[in-house]
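Asker: Sharing a model that was predicted from the sequence below.
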Amino acid sequence: MMVTFVSQCQKKALNRTRRVLDAFANRIGDNTWQTVITEEGLIAVKTLLRKTATKNTAVSCHWIRSRSRSELVWIVGNRNQFSAQGIVPVNITNKELFMDIPRDKPIPGCLYANTHLQPLAEHLFAVGYLAMRIYQTLFPENPSHSHAVFIAGCLHDLGKIDPQFQSWVRNSNRKDYIPEDGQHIDAAKFSFDKHPRHNEISVLLYELLDDISIKTLNRDVKDAIRHTIYWHHAKPFRKDNDKGFSTYWDIYSKCIGNNPSLDFSQLITCAIDTLSRVLKLEEQAAFDNKTGLSESYQKTVDEDKVQHLKSGTPLPVFKRYENKTKLNDYQSDIGFNALNNIFRACVISADRLISALSAQELIEECIKNRNFDFLIDQCLLPDSNLGSHIEHCLKHPSFSGERNTKQSEIAQQLTECRDIAVLAGPAGCGKTKIALEWAKLKNAQQIIWVCPRVQICQGLFDELIMEHYLPNANIEIFTGEYKYTKEWGKQTSDDEFFSGDIVITTMDQVLNNIITHTKADSLISFLDAHVVFDEYHEYINMPAFNLFFAELVHGKRLKGSRANTLLVSATPHYYFIDSLFGNGFDSRFDVVEMQSFNPSQYQIEFVPYDEDKIDDNNPFFAPRAGNTFVISNTALKAQ
């Protein structure tokens, strides 16, 4: 890792710390050092500094995570010499500074996106552009939908032109607390509990502005844009169980009913004017390729199209699944839902990052300077030492001989699969070690290891923290009950969840992170990481989980050769993976089998018995000779 040391030492402590730091790093300033160092070296530096520390010692260490972001690692000595982020104060005062005095006031006639008073058009463009860049970074081999993500981002908050929302965002007496799900419910005579949210108005406007005669986007992509716009905020809880908010006509009627002085044609005109401003920002950005935003919507809407809403077209459903007669008939729905997951995650991630900026930062830093890289870095995984930890593990004396050579061959074959890879091998053949070597060969910065049961997570966690595996890596177990890092019982802090070098978790935790609004952006990290689905065959008999598993795999497959996904099983179900994945996946080429090196001979005997009788014919109670296993597919009976 690349680190920077900053010394704020005084008196004799200055020379003592300089001697230590000069031995490990290059001095790049009077009180600053920088070097590339291992985790063990960093521990050694900290230990030596602590041994010589006095009240005048103050040294901070910063890990340079990317071009534009560093992270405080530790401080030795007087912490008061630094801020909580390890920043050195250059001056202090008790006077009120002019930059601390809030001066930004709403400008009459200007539309705003949020309480930071970001102009709406600039916010829409920035979210669309950042969402597109995130998508292109994740899917460099499959950029075909990047422009659709841009369009979804540019339209996601268009409903904020609603006069009621603008009145709320300009009100200096509004609640300071803003719910994360964007509901903006205020306890007053007027309440957003009975008025359409901005995402509902946004999808209504897109429905009206969409021109079905324009073939720039196909139907599924347009539906994905609608889904992203509508579901970029959580579905609100309403007292009447969402009655009157289920169709486009419902949203239109509620919007008009709560704005009696509003001519809806004025709202349409305002929407088109706002999008015209977004197009001007797009022109100034001078993209290499046209995004298609200007061709994606009509410039006028006639009354007939508004009246057509009475047909009762429902708002986008969260998941599109219809009853099928064959397993492979689900492939189209799986692909569509996977695309929705990705579009939604890109737009939500971009929306949160842009909304966290001040209006000045948005306009000056992002739009005028076209600098979005520091925001993209916050979405993607930072560099880690996982590869070196795995390499050290593979050199352990216990990994040697013919079996080890064969495991390395299998790991190499897995890296040559076209997108996802499937590892098949009997128990005890070393599938865990093969998966780690595969990740190292694929230059993994993080592994998310998804298991079907908590017991498997526990066993894997205990195995990986052992001395001959990865004792120095950050191994994290994240289940409903257990959230530990590096050792059993060492609780993971809330802000460190899913940040380990290897995160061992269950499918329900992944599902919870992705389908809930507050954690929807975690899908970006999931797509960026290397993923191992352990004992994936167990999902076959789990309703809903099997389809969600297929969605996740489909999303990773869109990355092509960068899918970085490994399916592991002792009993791979070839029909299941062929039927659900299809489209270029062939188990004859994409499943790599590891042979068993166990030379033992076994005799298997099938014993019929009456479950209701407890006698010697019941294999659970009959006396047995040594070296005998009794295997049952009924867990309750076995217990």
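Answerer: In hand now; what should we look at? Residues are numbered from 1 along each chain as shown.
Asker: got a list of what the spatially closest residue to Pro314 that is not a sequence neighbour touches?
Answerer: Spatial nearest neighbour of Pro314, chain neighbours left out: Thr247 (5.5 Å); criterion: C-beta to C-beta, 6 or more residues apart in numbering. The C-beta positions use only the backbone N, C-alpha and C, and glycine is treated the same way. The contact partners of Thr247, by C-beta atoms under 8 Å, 6 or more residues apart in numbering, come to 309, 312-315.
Asker: what do you get for Asp508?
Answerer: Per C-beta under 8 Å, 6+ apart, neighbours of Asp508: 480, 545.
Asker: That one looks like it's in a helix, true?
Answerer: Yes - counting by DSSP: H, G, I helix; E, B strand; the rest coil, one finds Asp508 located in a helix.
Asker: Quick check: pLDDT value at it.
Answerer: If you check Asp508, the pLDDT there is 90.
Asker: Repeat that for Glu180.
Answerer: 43.
Asker: Strands along the stretch 351-500 of the chain, start to end?
Answerer: Along the stretch 351-500 of the chain, counting by DSSP state E, counting those that start in this stretch, strands occupy 421-424, 447-451, 475-478, 483-485.
Asker: And the contacts of the helix or strand where Ala152 lies?
Answerer: Secondary structure assigned from DSSP states H and E places Ala152 in helix 146-155. With contact meaning C-beta under 8 Å, 6+ apart, helix 146-155 is reached by 124-125, 127-132, 135-136, 139, 202, 205-206, 217, 221, 224-225, 228-229, 275, 278, 289-293, 296, 343, 346-347, 350-351.
Asker: Stretch 395-406 too?
Answerer: 393, 407, 430, 433, 468, 594-595, 597.
Asker: go again using 10 Å as the cut-off
Answerer: 393-394, 407-408, 429-430, 433-434, 437, 467-469, 594-597 (C-beta atoms under 10 Å, 6 or more residues apart in numbering).
Asker: In this structure, where's the longest helix?
Answerer: The residue-count maximum for a helix in the chain (DSSP state H) belongs to helix 331-355.
Asker: quick check: mean pLDDT across the helix holding Ala152?
Answerer: 94.
Asker: Show me what counts as buried in that helix.
Answerer: Within helix 146-155, the residues scored as buried using 16 or more other C-beta atoms under 10 Å are 146-155.
Asker: Ok, stretch 440-449 next?
Answerer: 440-442, 444-449.
Asker: do the same with stretch 469-486
Answerer: 469-470, 472-479, 482-486.
Asker: Same check on stretch 332-352?
Answerer: So for stretch 332-352, counting by 16+ other C-beta under 10 Å, buried means 333-352.
Asker: ok, now stretch 17-30?
Answerer: 17-18, 20-21, 24-25.
Asker: Of the residues you listed, which belong to helices?
Answerer: Counted as lying in helices by DSSP H, out of these, are 17-18, 20-21, 24.
Asker: can you put those residues in TSV and add distance to Glu39 and pLDDT?
Answerer: Output for those, formatted as TSV (distance: C-beta to C-beta, whole Å; pLDDT from 0 to 100):
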residue	distance to Glu39	pLDDT
Thr17	21	92
Arg18	23	92
Val20	18	92
Leu21	17	94
Phe24	13	92
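Asker: closest to Leu527 among those?
Answerer: Phe24 (36.7 Å; C-beta to C-beta).
Asker: Can you give me the distance of the residue nearest to the closest one when sequence neighbours are not counted to Asp501?
Answerer: Once flanking residues are discounted, Phe24 sits nearest to Val45: 5.2 Å by C-beta to C-beta, 6+ apart. Per C-beta to C-beta, to the nearest Å, Val45 is found 21 Å from Asp501.
Asker: Gly109 now?
Answerer: With C-beta to C-beta as the criterion, Gly109 and Asp501 are 52 Å apart.
Asker: So for the two, which sits in the more crowded spot?
Answerer: Asp501 (23 against 5; other C-beta atoms under 10 Å).
Asker: The more buried one contacts Ile465, correct?
Answerer: No - with contact defined as C-beta atoms under 10 Å, Asp501 does not count as touching Ile465 (11.5 Å).
Asker: who touches both of those two?
Answerer: In contact with both Asp501 and Ile465: 472-473, 475, 485-486, using C-beta under 10 Å, 6+ apart.
Asker: Would you mind putting the residues you listed into TSV with distance to Cys379 and pLDDT alongside?
Answerer: Conversion of the shared contacts of Asp501 and Ile465 to TSV gives the following (distance: C-beta to C-beta, whole Å; pLDDT from 0 to 100):
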residue	distance to Cys379	pLDDT
Asn472	27	90
Ala473	23	92
Ile475	24	95
Thr485	22	94
Lys486	26	92
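Asker: Next, give me the two most distant ones among those residues.
Answerer: Most distant of the shared contacts of Asp501 and Ile465, by C-beta to C-beta, are Asn472 and Thr485, 12.5 Å apart.
Asker: Which neighbours do the two have in common?
Answerer: 465, 501.
Asker: Now the two most distant members of the buried residues of stretch 469-486.
Answerer: Of all the pairs that the buried residues of stretch 469-486 form, the one spanning the most space (C-beta to C-beta) is Asn472 and Thr479, at 23.0 Å.
Asker: quick one on the thing from earlier: so which of the buried residues of stretch 17-30 would you say is closest to Thr57?
Answerer: Thr17 (6.3 Å).
Asker: residue contacts, the closest one?
Answerer: Contacts of Thr17 (C-beta under 10 Å, 6+ apart): 5, 7-9, 31, 33, 48-49, 52-54, 56-59, 76-77.
Asker: Show me just the buried residues among the residues you listed.
Answerer: For the contacts of Thr17, buried by 16+ other C-beta under 10 Å: 5, 7-9, 31, 33, 48-49, 53, 56-59, 76-77.
Asker: From these, pick the one nearest Ser525.
Answerer: Looking across the buried ones among the contacts of Thr17 and measuring by C-beta to C-beta, the closest to Ser525 is Phe5, at 29.1 Å.
Asker: so which of the contacts of Thr247 is the most crowded?
Answerer: Counting neighbours by other C-beta under 10 Å, Leu315 leads those with 21 neighbours.
Asker: Next one: that residue relative to Lys490, how far apart?
Answerer: With C-beta to C-beta as the criterion, Leu315 and Lys490 are 46 Å apart.
Asker: What of Ser332?
Answerer: 45 Å.
Asker: Please apply the same query to Phe497.
Answerer: In terms of C-beta to C-beta, Phe497 sits 14 Å off from Lys490.
Asker: Please say which of these two ends up with more neighbours.
Answerer: Shown here are Phe497 and Lys490; by other C-beta under 10 Å, Phe497 has more neighbours (18 against 10).
Asker: Distance-wise, check the more buried one relative to Lys406.
Answerer: According to C-beta to C-beta, Phe497 and Lys406 sit 37 Å apart.
Asker: for Ala529, same thing?
Answerer: 27 Å.
Asker: Looking at the two, which is more packed in?
Answerer: A side-by-side neighbour count of Ala529 and Lys406, using other C-beta under 10 Å, places Ala529 first with 23 against 16.
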